[in-house]
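[1] here you go, sequence then predicted model.
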Amino acid sequence: MSWDLFLSLLLACVLVYLGVQLVRFVRADGDLTLMWAEWQGRRPEWELSNMVVWVTGASSGIGEELVYQLSKLGASLVLSSRKANELERVKNKCLEISNLKEKDILVLPLDLTDRSSHEAATKTVLQKFGQIDILVNNGGRSQRSLFVETNLDVYKEIMEINFLGTISLTKCVLPHMIERKQGKIVTVSSVMGITAAPLASGYSASKHALHGFFNSLRSELTTYPEITVMIICPGPVQSNIVQNAFTEEVSKKIENPGKQDYKMATSRCVRLMLVSMANDLKEAWIAEQPYLSFCYIGQYAPTWALLLIDKLGRRRIDNFKSGLDADSSYFRPLKKKSN
């Protein structure tokens with residue numbers, strides 16, 4: 001084989017490889033580290049079997065789907081949210097779809113804003129199971145309102161639920177993990193904790209706060225290498241998060257949340273969460289395009305990312321005021337006006 005032919009073949013192989021990786025990136029619904037973990041299957045989710053997992057926000061959305069998939073893996077579960085009746089429904093379904101028994105699931109109603117109750121709740125879990133292997137901080141609320149129209153009490157409530165409630169429960173559970181010298185603290189943040197968007201200033205602020213706190217906590221726990229601190233950042237996912245979002249007033253609800261069917265399936269999001277948890281990924285982005293690209297651009301070219309967000313932000317606000325789901329502005333191209 002001549003040298004020129006060898007170089008041509010090598011170049012062709014390199015181009016094919018780069019082309020394959022480009023297609024993978026375009027079709028990816030998670031960051032590159034997460035996708036690599038899923039493709040390689042280095043540590044399957046079955047490693048989460050027989051663990052005790054405490055999930056907040058377990059009565060709907062991502063939290064509900066997470067406990068269903070964990071139940072099929074054989075994990076013992078602690079289900080928490082403010083809605084006791086819904087937790088019982090979720091528990092019963094877990095028993096139907098898995099081999100778990102009544103003794104394997106604890107329904108533990110919990111209000112994240114009632115921080116004085118968190119220590120007693122933690123003791124209840126330890127009395128029941130003797131250990132907490134994984135704490136999934138999933139409880140929280142979103143927001144759909146413009147800052148200039150929003151009462152400051154809304155921002156106070158968002159921080160109480162999403163940030164202070166989360167770190168309060170973590171503070172109660174962490175000493176147990178330190179004593180055992182093992183455990184996983186998994187916090188469900190959002191791509192809004194990496195980038196930003198109009199109509200979600202308080203929500204985005206609370207998620208940015210979670211990133212700052214748990215990244216600092218991870219560094220503080222370097223003397224306990226068996227304790228993993230993880231941040232999961234989903235993009236738009238099919239759930240009730242919009243229906244339950246804060247608006248201009250604390251007591252006011254979204255009148256028309258819009259359709260959610262174009263968003264990522266909750267089951268897919270949770271599948272990637274389990275891959276992240278099994279592989280001890282420090283941070284995982286779970287989002288379809290173009291949200292995933294926004295995250296990358298925000299990391300490497302923040303000014304460009306902010307310009308894109310500003311450009312699309314007006315469409316997001318217009319959609320919201322028209323009664324559409326605000327997130328649809330990123331996924332659906334502008335339609336030509338009909339005459």
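    Now that the structure is in, tell me what you want to look at.

[2] list the contacts of the top strand by length along the chain.
    Secondary structure assigned by DSSP state E gives strand 227-234 as the longest strand of the chain. With contacts defined as C-beta atoms under 8 Å, 6 or more residues apart in numbering, strand 227-234 is touched by 62, 174, 177-178, 181-191, 193-194, 210-211, 214-215, 217-218, 221, 264, 269, 273, 276-277, 280-287, 295. Glycine gets a C-beta too; all of them are placed from N, C-alpha and C.

[3] kindly recompute the last result at 7 Å.
    With contact meaning C-beta atoms under 7 Å, 6 or more residues apart in numbering, strand 227-234 is reached by 62, 177, 182-191, 193-194, 211, 214, 217-218, 221, 269, 273, 276-277, 280-287.

[4] list only buried entries from the residues you listed.
    Buried members of the contacts of strand 227-234, counted by 16 or more other C-beta atoms under 10 Å: 62, 177, 183-191, 193-194, 211, 214, 217-218, 221, 269, 273, 276-277, 281, 283-287.

[5] quick check: phi and psi at the residue nearest to Val191 when sequence neighbours are not counted.
    Closest residue in space to Val191, ignoring its immediate chain neighbours: Gly235 at 4.7 Å, by C-beta to C-beta, 6 or more residues apart in numbering. Listed backbone geometry of Gly235 is phi -90, psi -160, with angles given as degrees, to the nearest 10.

[6] is Gly235 in contact with Gln289, as I believe?
    No - using C-beta atoms under 7 Å, Gly235 makes no contact with Gln289, being 9.4 Å away.

[7] who has more neighbours, these two?
    Gly235 (26 against 15; other C-beta atoms under 10 Å).

[8] assign Pro175 to helix, strand or coil.
    Here Pro175 is recorded as helix under DSSP: H, G, I helix; E, B strand; the rest coil.

[9] count the neighbours of it for me.
    The burial count for Pro175: 10, using other C-beta under 10 Å.

[10] and if you look at Glu179?
    Neighbour number of Glu179 under other C-beta under 10 Å is 9.

[11] and the helix or strand encompassing it, how far from the chain's centre?
    Element membership of Glu179, judged by DSSP states H and E, is helix 165-180. Taking C-alpha atoms, centre = their mean, to the nearest Å, one finds helix 165-180 lying 20 Å from the centre of the chain it belongs to.

[12] what does stretch 85-94 give?
    In this view, stretch 85-94 has its centroid 21 Å away from the chain centroid, taken as C-alpha atoms, centre = their mean.

[13] contact partners for Lys248?
    No Lys there; residue 248 is Glu. Contacts of Glu248 by C-beta under 7 Å, 6+ apart are 145, 149-151.

[14] rerun at 6 Å
    Counting by C-beta atoms under 6 Å, 6 or more residues apart in numbering, Glu248 makes contact with 145, 149-150.

[15] quick one: which of those has the most company?
    Using other C-beta under 10 Å as the neighbour test, the contacts of Glu248 are led by Ser145, with 23 neighbours.

[16] before we move on, the earlier item: ok, the contacts of Glu248 vs Asn50, which is closest?
    Closest approach to Asn50 among the contacts of Glu248 (C-beta to C-beta): Ser145, at 43.8 Å.

[17] look up phi and psi at the closest one.
    Per-residue torsions, Ser145: phi -170, psi 150 (degrees, to the nearest 10).

[18] quick one, what contacts it?
    247-248.

[19] what about it, distance to Leu112?
    The gap separating Ser145 from Leu112 is 21 Å, by C-beta to C-beta, to the nearest Å.

[20] do a quick rundown of the strands in the stretch 51-200 of the chain.
    For the stretch 51-200 of the chain, the strands defined by DSSP state E, counting those that start in this stretch cover 52-56, 76-80, 105-107, 134-137, 183-188.

[21] with the stretch 201-339 of the chain instead?
    Using DSSP E, counting those that start in this stretch, strands in the stretch 201-339 of the chain cover 227-234, 283-286.

[22] now for the shortest one, which elements pack on it?
    Judged by 3 or more C-beta pairs under 6 Å, 6 or more residues apart in numbering; DSSP states H and E, strand 283-286 is in contact with strand 227-234, helix 266-278.
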